[in-house]
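**Q** What would the 3D arrangement of this be:
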Amino acid sequence: MVDKADGDSSLVGRTIHDLPYPESQSMNDLTDQSSIPATEYVHCDTKEILQVSRNYPDVEIEVMAGDVAAASRNVSTHSDSVRWFGGLIEEEQVLILELCCPFGWTGSPGYYEIVGGAIVYAHGVHPNASYPNGFFNYHWVDDHVNVTANIGSNCVNLERSLRFLMTAVLGADAKILGLQFDCNGLSVSIPTDKIEKTRFLVSAAFRTQRLSRRSYRSLLGSLRHVATCVRSARPFLQRLRQREFQLHRFEFVTVTVDMKADLRWWWQALHSPHMNGVPLVFFNDLPPPDVIVETDGSDFGLCALDTTSEFALTYRFSPAELRLVATFKTTGDNGFDINYRKRLSIDNTSAVTWQNKLASRNPRAQVLIRLLSWWEMKLSLRFSASHIPGVDNSRADPGSRLGSHVSFANHFGSSTSGWLQESPNLDISGLTTLWQ
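**A** Model prediction:
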């Protein structure tokens with residue numbers, strides 16, 4: 001029995017079959033994953049809201065959302081397989097056979113997706129004057145979402161098209177997949193009750209020394225929901241998730257010092273006014289950046305160029321740092337994976353990957369990602385990264401090699417003539433404590 005959303009856990013709950021148990025011999029483990037229809041989560045609701053708002057800038061945008069009650073009850077289990085979906089209440093000596101796709105089976109979402117897809121198809125072929133090619137509609141398993149401009153009978157037509165399936169309420173605000181969409185303000189936020197619940201879980205986890213599997217998974221579930229809305233929160237999930245896939249049924253998770261550090265960040269973030277009201281445009285293709293910084297690094301130094309302000313930052317490695325670089329390159333067993341090796345020499349492809357995904361296996365890179373994410377949320381910024389081929393990085397590359405040969409200094413000086421030049425004194429030894 002697990003907690004049910006919007007319900008008092010002392011009165012109501014959700015029954016889930018223990019299909020993931022026993023480990024390696026459970027129903028879920030023995031299910032042929034290749035035979036299960038794949039579900040695909042598509043970021044299209046936000047794009048449609050923005051598209052409709054551009055097409056009808058002076059018209060209120062409406063969202064209709066709803067789900068099918070007891071959705072999986074509409075998908076029956078094949079008679080040849082129903083024997084595998086059995087349960088026993090030992091105290092009562094009662095045997096239970098599940099005749100429909102049970103909630104908790106790894107294949108239930110995929111098989112219901114087929115039924116949901118048929119419903120969406122039938123709904124999507126219904127046109128009206130504003131939508132001659134059919135209504136926009138999206139479904140994720142049993143959740144159905146429609147977006148339209150409030151013109152004429154659009155809203156009535158949409159509701160009528162789906163009324164045989166569900167009852168939904170039209171409005172400018174709609175709760176979709178647990179998030180609150182404001183179509184007039186063009187923002188998305190997390191419902192207040194979910195934030196309060198997450199605060200409670202974070203506080204409880206921080207005060208304890210270990211978590212049960214149930215408490216641990218409940219914490220991760222709530223934090224994932226927040227990270228869906230707030231991109232900068234994602235790096236602070238990585239260390240908390242380290243035990244997720246090796247956790248046995250009755251095992252406890254020790255709350256480590258690193259986990260407490262991330263929980264402390266979550267507590268601060270959950271009380272930040274910047275936490276909610278994220279612009280929808282950040283869920284779509286990103287707008288053009290206000291500031292572009294070209295970066296590069298070599299075995300001799302680092303360079304960052306703010307092309308918008310014509311501001312150049314260069315740093316030459318000290319003799320001690322040069323010795324460390326040489327030792328690092330010649331030592332096979334240095335404790336760093338290949339991704340971080342590339343990051344150390346500022347290989348752009350690797351840097352782009354972990355910046356955009358906000359994840360890395362290396363602890364040092366994780367510190368850098370956390371710092372960028374904290375600044376992103378605290379200062380209302382949005383960082384992105386893109387790859388520049390080495391042959392095109394003609395300014396930052398020589399800027400990172402100023403200490404290797406005079407020709408690089410001459411080339412860099414000519415390409416940044418008239419720019420403000422700075423060579424800061426770097427102190428990166430305190431980065432770990434800085435983000436904390």
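**Q** Report the separation between the closest residue to L88 other than its chain neighbours and F300.
**A** Counting by CB to CB, 6 or more residues apart in numbering, L95 is the residue found nearest to L88 once chain neighbours are left out, at 5.7 Å. (C-beta placed from N, C-alpha, C; glycine too.) According to CB to CB, to the nearest Å, L95 and F300 sit 73 Å apart.
**Q** Of those two, which one has the most company?
**A** Higher neighbour count among L95 and F300: F300, with 18 against 9, using other CB atoms under 10 Å.
**Q** Which residues are in contact with that one?
**A** By CB atoms under 8 Å, 6 or more residues apart in numbering, the contact set of F300 is 316-317, 322, 400-404.
**Q** Domain-wise, how is this protein divided?
**A** Structurally, the chain divides into domains by automatic domain parsing as follows: 27-185, 192-283, 293-435.
**Q** For those, which has the smallest mean pLDDT value?
**A** Among those, domain 27-185 carries the lowest mean pLDDT, a mean of 72.
**Q** how long is that one from one end to the other?
**A** Domain 27-185 stretches 46 Å from its first residue to its last (CA to CA, to the nearest Å).
**Q** Centre of the chain to that domain, how far?
**A** 21 Å (CA atoms, centre = their mean, to the nearest Å).
**Q** Show me the strands in the stretch 1-150 of the chain, by range?
**A** Ranges of strands in the stretch 1-150 of the chain, per DSSP state E, counting those that start in this stretch, are 61-67, 86-89, 94-97, 137-140, 143-149.
**Q** count of residues packed around E98?
**A** When neighbours are counted by other CB under 10 Å, E98 comes out with 18.
**Q** again with the one 4 residues further on
**A** The number of residues packed around P102, counting by other CB under 10 Å, is 19.
**Q** That one is in contact with F85, isn't it?
**A** Yes: between P102 and F85 a contact is recorded at 5.9 Å, counting by CB atoms under 8 Å.
**Q** for the stretch 151-300 of the chain, what spans make up the strands?
**A** 173-176, 179-182, 187-189, 210-212, 252-254, 278-279, 293-297.
**Q** Do me a favour and get the backbone dihedrals for L305.
**A** Dihedral angles of L305 (phi, psi; degrees, to the nearest 10) stand at phi -120, psi 120.
**Q** ok, now how distant is S414 from S394?
**A** Relative to S394, and taking CB to CB, S414 is found at 11 Å.
**Q** ok, the spatially closest residue to L99 that is not a sequence neighbour - contacts?
**A** Using CB to CB, 6+ apart and skipping the chain neighbours, the partner closest in space to L99 is T77 (5.8 Å). Residues near T77 by CB under 8 Å, 6+ apart: 85, 98-101.
**Q** Buried ones among those residues?
**A** 85, 98, 100-101 (16 or more other CB atoms under 10 Å).
**Q** What ranges does the stretch 1-150 of the chain have for its helices?
**A** Along the stretch 1-150 of the chain, counting by DSSP state H, counting those that start in this stretch, helices occupy 27-30, 45-55, 108-124.
**Q** Mind putting those into a markdown table with mean neighbour count?
**A** Below are the helices of the stretch 1-150 of the chain laid out as a markdown table (neighbours: other CB atoms under 10 Å):
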| stretch | mean neighbour count |
| --- | --- |
| helix 27-30 | 14 |
| helix 45-55 | 18 |
| helix 108-124 | 17 |
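**Q** Looking at those, which is nearest to N146?
**A** helix 108-124 (8.2 Å; CB to CB).
**Q** Which of S414 and S394 has more residues huddled nearby?
**A** Higher neighbour count among S414 and S394: S394, with 14 against 10, using other CB under 10 Å.
**Q** What distance do you get for the residue lying closest to the more buried one once chain neighbours are set aside to N150?
**A** Counting by CB to CB, 6+ apart, S394 lies nearest to S415, which is 6.7 Å off, once chain neighbours are set aside. S415 sits 54 Å away from N150, taking CB to CB as the criterion.
**Q** now the helices of the stretch 1-150 of the chain as JSON lines including distance to P235?
**A** As requested, the helices of the stretch 1-150 of the chain are arranged in JSON lines below (distance: least, CB to CB, whole Å):
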{"stretch": "helix 27-30", "distance to P235": "29"}
{"stretch": "helix 45-55", "distance to P235": "22"}
{"stretch": "helix 108-124", "distance to P235": "28"}
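**Q** So for N362, which of those sits nearest?
**A** For the helices of the stretch 1-150 of the chain, the distance to N362 is smallest for helix 27-30, at 31.1 Å, taking CB to CB.
**Q** residue contacts, the spatially most central residue of the chain?
**A** For the chain, T228 is the residue whose C-alpha lies nearest the centre (CA atoms, centre = their mean; 4.6 Å). By CB under 8 Å, 6+ apart, the residues touching T228 are L179.
**Q** where's it relative to G221, distance?
**A** 11 Å.
**Q** Equivalent analysis for P289, please.
**A** 33 Å.
**Q** Next: E60.
**A** Counting by CB to CB, the gap from E60 to G221 is 34 Å.
**Q** Let me know how buried Q209 is, in neighbour terms.
**A** 8.
**Q** repeat for the one 4 residues further on
**A** Neighbour count of R213, defined by other CB under 10 Å: 16.
**Q** which residue sits closest to it, ignoring its sequence neighbours?
**A** L247 is the one closest to R213 (CB to CB, 6+ apart), at 5.4 Å.
**Q** The one you found touches V253, doesn't it?
**A** Yes: with contact defined as CB under 8 Å, L247 reaches V253; the gap is 6.6 Å.
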